[in-house]
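J.: next come a sequence and a model predicted from it.
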Number of protein chains: 2
Amino acid sequence: MEGGAERRSPGLCAAVLPAGGCGERLGGSTPKQFCPVLGRPLISHTLEAFERVSWIQDIIVVVALESLDLMKAIIQKYGHKRITVVKAGETRHRSIFNGLKVFSEECFAGTAIQKPEVVIIHDAVRPFVDEDFLLKMATSAKLYGAAGAIRPLVSTVIASTSDGYLDYSLERAKHRASEMPQAFQFDVIYQAYQQCTDYDLDFGTECLHLALQYSNTKAKLIEGPPDLWKVTYKRDLYAAESVIKERISDDLCIVTNTTEESIQFGVLLHEKLHLHFNVKGVSSNLFENHLENIFHEKCYSFICINVQESEFEETHKLIDLLQTIYVCSSYPLVIVSVSYDECNSRSNKLSKIQTLAKDARKSNILVYGLLINSHKDNKQCHCVCEGLTAAAATLSLSLVIYA
Amino acid sequence: MEGGAERRSPGLCAAVLPAGGCGERLGGSTPKQFCPVLGRPLISHTLEAFERVSWIQDIIVVVALESLDLMKAIIQKYGHKRITVVKAGETRHRSIFNGLKVFSEECFAGTAIQKPEVVIIHDAVRPFVDEDFLLKMATSAKLYGAAGAIRPLVSTVIASTSDGYLDYSLERAKHRASEMPQAFQFDVIYQAYQQCTDYDLDFGTECLHLALQYSNTKAKLIEGPPDLWKVTYKRDLYAAESVIKERISDDLCIVTNTTEESIQFGVLLHEKLHLHFNVKGVSSNLFENHLENIFHEKCYSFICINVQESEFEETHKLIDLLQTIYVCSSYPLVIVSVSYDECNSRSNKLSKIQTLAKDARKSNILVYGLLINSHKDNKQCHCVCEGLTAAAATLSLSLVIYA
């Protein structure tokens, strides 16, 4: 919803995402790129960030042999497009090289894949990269041959003697951490990989270094935002969740249907909630174009009121509508689906809202279910307020998501 | 509950914790050391980690002038001991120097504070440091004069030319990130601070460098655990929460009172829950010594069943007992307090459990309230299972904590 990157394309552009790591630092058995973040594999968040960028034609994902099937299943489940999966090599550099070979004529002669002018290399475990920054990198690469994202050092860097004592410390202000993404003219980086030594391929860590040494290209360094950090440890998965949650809108829109009961309840809720939340209005015009207008102005989170007899019909309709007008979502939308709790149908309702939520999540819509007692008085509002306060705590602290 | 550090003390030892930072990288108005992590200021977690170590005599906390009152309030609220609060200087080095001056004879002649043999310097924003590692650092400092914690570099470090291009990249394997804690013979580091230049005090970042340059002492470098990382960005606060949650026990102990109703319910719960959780047993002997025995063997989380008429009496008693036998807690204990939901008393109960939880948190006990319907059949168990599944999701994903 923020001002997008200018629509000028940096020319034919592709991306290579190494994702062959086995995640030993994470301490779990699942490599970190496949670990769930808000219920979706980390790599799927990263792929989504690249798919949003219309001027990136091909996205090459490089994964270990044993993860090929998992990767294909993820691509199918979340409907990722423009992805080619390639087998990883034994080291990071060998994996990236495998990814780049897709564009060599020998390899894919006759397929739809074209050799790009610029290639962006990015880690699958850095999900928070936006179009503006990718454009800046690609444009710089086109101009200078190579470009790399940097960040200030958080810790001082030191060198150790061979017997484990301090040798010297580097002045922190003069050095930078080299992060991802990096971007290159395709020929610059491909030639570097073709010419570098086996030692480089086995022990090197820095693509910018290869471009410098083998293609005589000094990369332009560009300071990136802090969210570019690499998900390395298990705790980083929680940090990644928190970053997504921070991007969820605090502005609430209450959605009712056109029945009097529903509208009355919506108005009552508005009165109660506006003391605690940024409630932007009650929309009973779900099936006219009102909501679409609201939505195009700003990003909202929604409280959707379902009438007593319905089977979450209103929530269903809201999800359908949002899926139509909100095609490629950069951050999740949140819907709190409020419905009445009739004692005898509780577990039935729970299972329905869970199914609904599971489905909506594929479009990056998070559905929370809130059951309230069906007494028609102020108490139900109080109850919804409490539930919402809980859900709000969730949005910043995380909670039970029915999916 | 894990094997503690050997009880040999490294001699008279003190700690200086710089906490004067204003947290501009966090993007909030509250400096990060004062931000809540599981409801308790980050710095309070760090202080607790040092208080647990009996051989550290004095803990000096260095805070900005404007945070002095806040710091004193935190010390009082959480009952921290052996703490001296000192005013920060304008830079990190000046703050640490201020902290060290506490031990100089001119400053505190006649007080109880003694000049230590070894001083540990540690950031207030690194809450996860354990006694074993502190002992290793202090012992090395005693032996070699200085010791510093290091970690492998996560990113390659590069140097930039003055016009923003890649100059060179450092070989990642040959360099290390210098982390905290560091430990020094007091005279080594104090002398270094006394002799260093204003330029060092204003622009330097590395105590090990001062010890090398001004006291001719090469620090011994010791690889630290990953949890030593520095809470720098807002996302790190969530990461810190996740680290604490990981340390909460997965082993459940069901606690009932001695009434038949309560015991029956406990047994029923055990049957239902053992499929999903590590349930270690039902204890109805809360007021005999049984629980104390269980507890000394291993760390548990608790489900405490309150009978219908009670006002969380059972939970109260469990908290009292745990406070007695579990004096200085390194990680939080969790109690899920189950009670019956009578429609007319719900908000009354909510407010009571909130008060209880708020109080228990001071002793690092997290209380979750779970209200269930009071139908005496299997359904209530099903309901508790659902609630607990939610609470369990919480423990790894975070949820609404009533406090």
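T.: Arrived safely. On a predicted model such as this, the values are computed, not experimentally measured, just so you know.

J.: dump the helix or strand that contains A:Thr139 to PDB, restricted to CA.
T.: Using DSSP states H and E, A:Thr139 maps to helix A:131-144. The C-alpha atoms that make up helix A:131-144 are tabulated as PDB, following Å, rounded to 0.1, in the frame of the first residue of the first chain:
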ATOM      1  CA  GLU A 131      10.700  -3.800  -4.700                       C
ATOM      2  CA  ASP A 132      12.200  -0.400  -4.100                       C
ATOM      3  CA  PHE A 133      15.400  -1.800  -2.800                       C
ATOM      4  CA  LEU A 134      15.600  -4.500  -5.500                       C
ATOM      5  CA  LEU A 135      15.200  -1.900  -8.100                       C
ATOM      6  CA  LYS A 136      18.000   0.200  -6.600                       C
ATOM      7  CA  MET A 137      20.200  -2.900  -6.600                       C
ATOM      8  CA  ALA A 138      19.300  -3.900 -10.200                       C
ATOM      9  CA  THR A 139      19.800  -0.400 -11.500                       C
ATOM     10  CA  SER A 140      23.100   0.000  -9.800                       C
ATOM     11  CA  ALA A 141      24.300  -3.300 -11.200                       C
ATOM     12  CA  LYS A 142      23.300  -2.300 -14.700                       C
ATOM     13  CA  LEU A 143      25.300   0.900 -14.300                       C
ATOM     14  CA  TYR A 144      28.300  -0.300 -12.400                       C
END
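
J.: tell me the buried residues in it?
T.: By 16 or more other Cβ atoms under 10 Å in any protein chain shown, the buried positions in helix A:131-144 come out as A:131, A:133-142, A:144. For glycine as for every other residue, the C-beta is placed from the backbone atoms N, C-alpha and C.

J.: quick one: the strands in the stretch 251-400 of chain A, in order.
T.: Under the criterion DSSP state E, counting those that start in this stretch, strands of the stretch 251-400 of chain A are mapped to A:251-255, A:278-283, A:301-305, A:333-341, A:365-373.

J.: per-residue pLDDT of the nearest residue in space to A:Leu70 that is not next to it in sequence, please?
T.: Of all residues not flanking A:Leu70 in the chain, A:Phe34 sits nearest, at 6.2 Å (Cβ to Cβ, 6 or more residues apart in numbering or on different chains). Model confidence at A:Phe34, expressed as pLDDT, equals 95.

J.: you'd agree A:Arg52 is up against A:Glu131?
T.: Yes: assessed by Cβ atoms under 8 Å, A:Arg52 is found in contact with A:Glu131 at 6.3 Å.

J.: so is stretch A:139-150 next to chain B?
T.: Yes: Stretch A:139-150 lies within reach of chain B by Cβ under 8 Å from any Cβ of the partner chain, at A:144, A:146, A:148, A:150.

J.: which residues touch stretch A:158-174?
T.: The contact list for stretch A:158-174 (Cβ atoms under 8 Å, 6 or more residues apart in numbering or on different chains) reads A:152-153, A:156-157, B:144, B:146, B:148, B:150, B:157, B:159-160, B:170, B:174-178, B:203, B:205-206, B:208-209, B:212, B:218-222.

J.: buried residues of that stretch, list them for me.
T.: Applying a neighbour-count criterion of 16+ other Cβ under 10 Å, one finds A:158, A:160, A:165-166, A:169-170, A:172 buried in stretch A:158-174.

J.: neighbours around the residue nearest to A:Leu70, how many?
T.: A:Phe34 has 19 neighbours, counted by other Cβ atoms under 10 Å in any protein chain shown.

J.: how is chain A divided into domains?
T.: Using automatic domain parsing, the domain ranges for chain A come out as A:13-155+A:172-245, A:248-397.

J.: output the ones you listed in CSV; the columns should cover distance to B:Ser351.
T.: Shown next, in CSV, are the domains of chain A (distance: least, Cβ to Cβ, whole Å):
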stretch, distance to B:Ser351
domain A:13-155+A:172-245, 28
domain A:248-397, 11
